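Student: Build the 3D model from these lines:
(chains A and B)
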Amino acid sequence: METTMRQTWAFLFRGYHLTRRYIGWVIVFNFYALVTSATVALIGVAAGNYQLTLTLVVGALLWNYLSRLYEEIAMSIAYERWEGTLEYTFMAPVPRLVHLLGISLFSLINSVVTSLIVLTGLVLMTDLRLGGANLFGVLVLVAVSTLAYIGLGLVAAVFPVMSAERGAEATHIFQGSLLLVSGVYYPIEVLPRWLQPLSAISPATYTLSACRKLFGVGISGSTPERLAGVPLSDVSHELFILALMGAVLLPFGLWVFVKVEAWAKRAGKLKRTG
Amino acid sequence: MAQAAIYVRNLRKCFRKRSGFRKVSELWALDDVSFSVAEGETYGLLGPNGSGKSSLIRILSTLLIADSGEVRMLGYSLPQQQEQVRRIIGRVSVDAAFYKKLSARENLLYTALLYGQKARDAERRAMDILEQLGMENSKFSTPLEEMSRGMQQKISIARALVLNPPLLLLDEPTTGLDPKSRRDVQTFLEKLKEQEGTTILLTTHDMTEAERLCARIGFLAHGKLVAEGTAENLIRRANAQTLDDAFIKLTGEELLDEELVAVED
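Tutor: Residues are numbered from 1 along each chain as shown, chains lettered A, B, ... in the order given. Next comes the predicted model:
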């Protein structure tokens, strides 16, 4: 147990010191996340429509959190390839579960910090009042969604194991597709009909839909002064689907990772250049 | 002869590369390689680039799975018992693979934690090793990117040794080092063998280094182990004056870095 704790801590230790050393870039990325979210949310302010503003704020905030979480996990292998340390991590006597748990924990902390920065910025810039929103429900929903997104990140993390360059590209294409089909800034009904079925397999679709209800978007009784967020029981359908996705994607992600790692070792793909 | 710390029998590894729609080219990195290294012995593998040295080290490091053959490390079979093997090996590769932005201390502590060691004990041991390798303590907090290649390679050796492994796999550890750093590393390895009884598998291009450090030497060419023995034995067998000449005579190759660049190695 003590060994497992130390091994998990190793990934947090590494992540903390890399963040410290790359602090300039960390500030730039967080600034950029805040600015892009604010520019989207201010479209609602310009339209003088608080419901639209809230829709965009929820979209921007959750997309920042979920995509950051996914990206950090999915790209962790690509970062190690670029640094040239992947072989040393894979050579260490760390169970893959502990390895991926450590990476996921650090990614989670990173995503929470970024989301808090974006949330603070959005509240300051849009003058939104969140009174009446079911914030506890939002926290529960985000916690359940986190598991599904970690699973998704683990599945995507196998791409850089397969190929150094192509893998990182595939990871970003996958992320972009999720942004397109999940209804982050618009209802999925506006998507071309042939694209709409894809939204059903993205966890973000359910997170965003439920989160908007919990905030009171589109709920009668919500006013700019006081929102009318629904109780958690009203989003039980979305919660169930997200929990199911997490329960499937987490073990599936780990299973796929182990299989691809074994394939990479047979094909000689773990080298720095892939 | 003591029990074999490293036991390799009929090891074969082929890399297949798709070139074109249906064409698949094959490159045999290791072709029926057999050798063993006794506990506490330093065994040298000499061969040009592309001869299969690094592929062999990668197989022994659990990073590559052989197509066929038998590998046992202190009795543990690969690839079946890779978890156990990972606990008993340390590896130094030709390129010092580190988080270059992190300091030597941070890199070494990360490795120690990854292996489940106590950070404080690992730090003390790392400082001791670096001192023996002729490195100042003040460099411990310097980011790796600000260090010379020689210094980075010493940190790489410290990383492998901070784990105190009974088996050490050194893949050209002194390539690119200045003569002083090279001598520091060689002296340290001699001391390590003497004091800790560590078993060392060393790949190198440097004949003098091989003669100085290795009890036995194997010549690897085109994935085949073409000759094996003590330096004197190999020189005598080839009817040569030096180990360099013996290598050329027995393998028909020269140890030029540029030649035979292969898919793996």
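
Student: which residue lies farthest from the center of chain A?
Tutor: Most distant from the centre of chain A: residue A:266, at 31.7 Å, with distances by Cα atoms, centre = their mean.

Student: Surely that residue is in a strand?
Tutor: No: going by DSSP: H, G, I helix; E, B strand; the rest coil, the assignment for residue A:266 is helix, not a strand.

Student: Could you measure from it over to chain B?
Tutor: Distance, residue A:266 to chain B, using Cβ to the nearest Cβ, to the nearest Å: 5 Å. (Glycine included, C-beta is placed from N, CA and C.)

Student: Go ahead and confirm residue B:68 touches residue B:10.
Tutor: Yes: counting by Cβ atoms under 8 Å, residue B:68 does reach residue B:10; the two are 6.9 Å apart.

Student: so residue B:96, which of the three states?
Tutor: Under three-state DSSP, the three-state class of residue B:96 is coil.

Student: Model confidence for it, exactly?
Tutor: Here the pLDDT value assigned to residue B:96 is 76.

Student: Go ahead and confirm it touches residue B:153.
Tutor: Yes: counting by Cβ under 8 Å, residue B:96 does reach residue B:153; the two are 5.3 Å apart.

Student: Looking at these two, which has the bigger crowd around it?
Tutor: Under the criterion of other Cβ atoms under 10 Å in any protein chain shown, the comparison of residue B:96 against residue B:153 puts residue B:153 first, with 26 against 23.

Student: Assign a three-state SS to that one, would you?
Tutor: helix.

Student: Report the contact partners of residue A:48.
Tutor: Counting by Cβ atoms under 8 Å, 6 or more residues apart in numbering or on different chains, residue A:48 touches no other residue.

Student: Provide the secondary structure category for it.
Tutor: coil.

Student: same thing with residue B:69?
Tutor: Classified using three-state DSSP, residue B:69 is strand.

Student: Run through the stretch 1-150 of chain B and note the low-pLDDT ranges.
Tutor: Low-confidence segments of the stretch 1-150 of chain B, defined by pLDDT under 70: B:1-3, B:20-21.

Student: Residue B:189: what's it in contact with?
Tutor: B:42, B:170, B:200, B:202, B:213.

Student: before we move on, what about residue A:6?
Tutor: B:113, B:116-118.

Student: buried subset of the residues you listed?
Tutor: B:113, B:116-117 (16 or more other Cβ atoms under 10 Å in any protein chain shown).

Student: In helices, which of the residues you listed fall?
Tutor: In helices, judged by DSSP state H, the following of the buried ones among the contacts of residue A:6 are found: residue B:113.

Student: Of the buried ones among the contacts of residue A:6, just say which sits nearest to residue B:53.
Tutor: Lowest distance from residue B:53 to the buried ones among the contacts of residue A:6 (Cβ to Cβ) belongs to residue B:117, with 29.2 Å.

Student: my read: the closest one touches residue B:126, true?
Tutor: No: using Cβ under 8 Å, residue B:117 makes no contact with residue B:126, being 10.5 Å away.

Student: can you list the residues of the stretch 51-200 of chain B near chain A?
Tutor: When proximity is defined as Cβ under 8 Å from any Cβ of the partner chain, the stretch 51-200 of chain B approaches chain A at B:55, B:58, B:61-65, B:79, B:83, B:86-87, B:89, B:91, B:93, B:95, B:97-102, B:106, B:109-111, B:113-118, B:143.

Student: Now, those residues that are in strands?
Tutor: Of the positions in those, B:89, B:91 sit in strands, assigned by DSSP state E.

Student: quick one, what contacts the residue most central in space within chain A?
Tutor: For chain A, residue A:66 is the residue whose C-alpha lies nearest the centre (Cα atoms, centre = their mean; 1.9 Å). By Cβ under 8 Å, 6+ apart, the residues touching residue A:66 are A:111, A:145, A:149, A:203-204, A:207.

Student: what residues are up against residue B:8?
Tutor: B:33-36, B:56, B:60, B:69-71.

Student: Same question for residue B:131.
Tutor: With Cβ under 8 Å, 6+ apart, residue B:131 has these contacts: residue B:137.

Student: For it, grab phi and psi.
Tutor: phi -60, psi -40 (degrees, to the nearest 10).

Student: How much space separates it from chain A?
Tutor: For residue B:131, the distance to chain A (Cβ to the nearest Cβ) stands at 23 Å.

Student: swap in residue B:165?
Tutor: From residue B:165 to chain A the distance is 11 Å (Cβ to the nearest Cβ).

Student: Over to residue B:166?
Tutor: Taking Cβ to the nearest Cβ, one finds residue B:166 at 14 Å from chain A.

Student: go on, residue B:234?
Tutor: 30 Å.

Student: My read is that that residue contacts residue B:248, right?
Tutor: No: using Cβ under 8 Å, residue B:234 is not in contact with residue B:248, being 11.5 Å away.

Student: Can you list the residue ranges for strands in the stretch 51-200 of chain A?
Tutor: Secondary structure of the stretch 51-200 of chain A (DSSP state E, counting those that start in this stretch): no strands located.

Student: Close to chain B: what parts of it are there?
Tutor: Contact residues (Cβ under 8 Å from any Cβ) of the stretch 51-200 of chain A with chain B: A:83-85, A:87-95.

Student: all helices for chain A, in order.
Tutor: A:2-21, A:23-46, A:50-83, A:86-91, A:96-126, A:135-162, A:164-181, A:196-199, A:203-215, A:236-267.

Student: of all the ones you listed, which lies closest to residue B:195?
Tutor: Closest to residue B:195 of the helices of chain A is helix A:86-91 (Cβ to Cβ; 24.8 Å).

Student: Can you dump the C-alpha atoms of the closest one in PDB for me?
Tutor: Taking Å, rounded to 0.1, in the frame of the first residue of the first chain, the C-alpha atoms of helix A:86-91 are listed here in PDB:
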ATOM      1  CA  LEU A  86       8.400   7.000 -22.000                       C
ATOM      2  CA  GLU A  87      10.700   4.000 -21.900                       C
ATOM      3  CA  TYR A  88      11.800   4.700 -18.400                       C
ATOM      4  CA  THR A  89       8.200   5.100 -17.100                       C
ATOM      5  CA  PHE A  90       7.200   1.900 -18.800                       C
ATOM      6  CA  MET A  91      10.300   0.100 -17.400                       C
END
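
Student: ok, and the closest non-adjacent residue to residue B:203?
Tutor: Residue nearest to residue B:203 in three dimensions, not counting chain neighbours: residue B:53, with 4.1 Å by Cβ to Cβ, 6 or more residues apart in numbering or on different chains.

Student: Next, count neighbours for that neighbour.
Tutor: 27.

Student: doesn't residue B:47 make contact with residue B:217?
Tutor: No: with contact defined as Cβ under 8 Å, residue B:217 does not count as touching residue B:47 (10.6 Å).

Student: one step back: secondary structure for the contacts of residue B:189 - can I get that in JSON lines?
Tutor: Formatted as JSON lines, those follow (three-state DSSP):
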{"residue": "B:42", "secondary structure": "strand"}
{"residue": "B:170", "secondary structure": "strand"}
{"residue": "B:200", "secondary structure": "strand"}
{"residue": "B:202", "secondary structure": "strand"}
{"residue": "B:213", "secondary structure": "helix"}
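
Student: What is the nearest of the residues you listed to chain A?
Tutor: residue B:170 (14.1 Å; Cβ to the nearest Cβ).
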